[in-house]
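1. Got a predicted structure plus its sequence, pasted below:
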Amino acid sequence: MTTVPVLSHDAVLAMIDPLEAIERVRDAFVRHAHGEWRMPAKVYLEEERGDFRAMPASGGGLAILKWVTSFPANAERGLPVVMGVIAVSSAEDGRLLALIDARAVTALRTGAIAAVAAQELAREDAASVGIIGCGLHGSWAARCLAAAEFWPGICFDPDPDAAGRLAGELGWEAGGLDEALESDIVTCVTPGAAPVVGARHIRAGIHFSMLGADGPGKAEAELDAVTACELFCDDWEQASHGGELSGAVAAGRVDRERVTDLGAVLTGRAGGRSGPSATTLFDSTGLAIQDLAICHALLERDTAGFPTVTL
Ligand SMILES: NC(=O)c1ccc[n+]([C@@H]2O[C@H](COP(=O)([O-])OP(=O)(O)OC[C@H]3O[C@@H](n4cnc5c(N)ncnc54)[C@H](O)[C@@H]3O)[C@@H](O)[C@H]2O)c1
């Protein structure tokens, strides 16, 4: 029999703060780009109202499998969009080491990538943030951007309570879509059911991070908006099949040559934005190495005293 700690949603959020999540996630991209950490593309299992994703990764002595949902209309049922569990094992001998709430880890690592992308790809003097979509992950993106000292922020959501709550928490302002789109760094975290960024919103010097379109058929930007930008992604394999870039790839308007991996920028193998007046767009599909990064941080803590399960 094996007895392992079970780390709940609240336990995870109490142990890791946004600044640590940002540093860990940045480090994960570097290790992955160097080939130290490995990750096959995630597998989608589609259902009528959403999908499940199986996301394995291995590195630094740990191997994980995240089993997680995206059920975009779940709010109508009072349920989270993203739910699931991460099984953490030893990569040395295969022992199960922990079971961790996937929702909290996803929130931290998704928020963290918004900050890393802004730090790397936005103009050097970029400061203001527009958050489009102030639900769970939009809120974590905003918290991480605020922790990375991006300020001031405009929060837009068709649900004014969601925008107002987030703005109130961070000392930012709630505003309209066009106001949010006037920011230096625009971070979109909508359900991806319809584009919120059009070609008319493309301005010199702006940076877009697209986090909501993380599965087949989703998009937050019109094709003409995507193709007008310098393009970056977390992982080409995932982004070209189930991310913001996939529509442009399917239409034959974007190919591999036009898109730079964030890991290549972080390791200096590729340049970031070409200059202050460039318009950049980062497609985040969400990587298992981001989850692995947070799992490492958690397992480095003393987990004695947490609830356990014996299998
Ligand atoms: N890239 C990643 O790593 C990653 C990780 C987790 C979730 N996601 C994706 O992010 C999206 C949001 O997930 P969530 O858990 O935050 O959902 P959520 O339901 O908590 O929040 C979505 C928010 O978007 C708002 N919204 C809807 N239409 C909008 C529009 N046109 N303009 C602005 N806001 C709008 C909703 O009112 C809601 O507040 C989903 O598609 C999810 O799959 C991506």
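-> Okay, I see it.

2. So which bits of the chain are right by the ligand?
-> 70, 72, 75, 81-82, 106, 110, 132-138, 156-159, 162, 189-192, 196, 211-212, 214, 284-286 (Cβ under 6 Å from any ligand atom). The C-beta positions use only the backbone N, C-alpha and C, and glycine is treated the same way.

3. Out of those, name the ones that lie in helices.
-> Thr106, Thr110, Leu136, His137, Gly138, Ala162 (DSSP state H).

4. Residue of the protein closest to the ligand, please.
-> Residue of the chain nearest the ligand, by Cβ to the nearest ligand atom: Gly135 (1.7 Å).

5. That residue: what's it in contact with?
-> Ala75, Val81, Asp157, Ala162, Val189 (Cβ atoms under 8 Å, 6 or more residues apart in numbering).

6. do the same with Ala146
-> Applying Cβ under 8 Å, 6+ apart to Ala146 gives the contacts Pro18, Val129, Gly153, Leu170, Trp172.

7. Excluding chain neighbours, what is closest to Glu47?
-> Excluding the flanking residues, the one nearest Glu47 by Cβ to Cβ, 6 or more residues apart in numbering is Phe71, at 7.9 Å.

8. Go ahead and confirm that neighbour touches Leu79.
-> Yes: counting by Cβ atoms under 8 Å, Phe71 does reach Leu79; the two are 7.2 Å apart.

9. Those two - which one has more neighbours?
-> Applying other Cβ atoms under 10 Å to Phe71 and Leu79 shows that Phe71 carries more neighbours, namely 18 against 11.

10. what are the phi and psi values for the more buried one?
-> phi -120, psi 90 (degrees, to the nearest 10).

11. circling back to that earlier point, most neighbours out of the ones in helices among the residues of the chain next to the ligand, which is it?
-> Going by other Cβ under 10 Å, Thr106 tops those with 29 neighbours.

12. Nearest residue to that one in space, ignoring adjacent ones along the chain?
-> Of all residues not flanking Thr106 in the chain, Val82 sits nearest, at 5.2 Å (Cβ to Cβ, 6+ apart).

13. need the contact list for the one you found.
-> Contact partners of Val82, counting by Cβ under 8 Å, 6+ apart, are Val68, Thr69, Ser70, Ala102, Arg103, Thr106, Ala107, Leu136, His137.

14. same thing but at 7 Å, please
-> Contacts for Val82 (Cβ atoms under 7 Å, 6 or more residues apart in numbering) come out as Val68, Thr69, Ser70, Arg103, Thr106.

15. Farthest pair within these?
-> Ser70 and Arg103 (11.5 Å; Cβ to Cβ).

16. Helix or strand: which one has Tyr44?
-> Taking DSSP states H and E as the definition, Tyr44 sits inside strand 43-47.

17. So which bits of that strand are buried?
-> Going by neighbour count (16 or more other Cβ atoms under 10 Å), the buried part of strand 43-47 is Tyr44.

18. for that strand, packing partners?
-> In terms of contacts (3 or more Cβ pairs under 7 Å, 6 or more residues apart in numbering; DSSP states H and E), strand 43-47 is packed against strand 50-59.

19. Please save the CA atoms from the strand it packs on in CSV.
-> Backbone C-alpha positions of strand 50-59 (Å, rounded to 0.1, in the frame of the first residue of the first chain) are rendered in CSV as follows:
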residue,chain,number,x,y,z
GLY,A,50,-16.7,20.8,-22.9
ASP,A,51,-13.6,18.7,-22.9
PHE,A,52,-11.2,16.7,-20.7
ARG,A,53,-7.4,17.0,-21.1
ALA,A,54,-4.7,14.5,-20.2
MET,A,55,-1.4,16.4,-19.7
PRO,A,56,1.8,14.5,-18.8
ALA,A,57,5.2,16.0,-18.2
SER,A,58,8.5,14.8,-16.6
GLY,A,59,11.5,16.6,-15.3
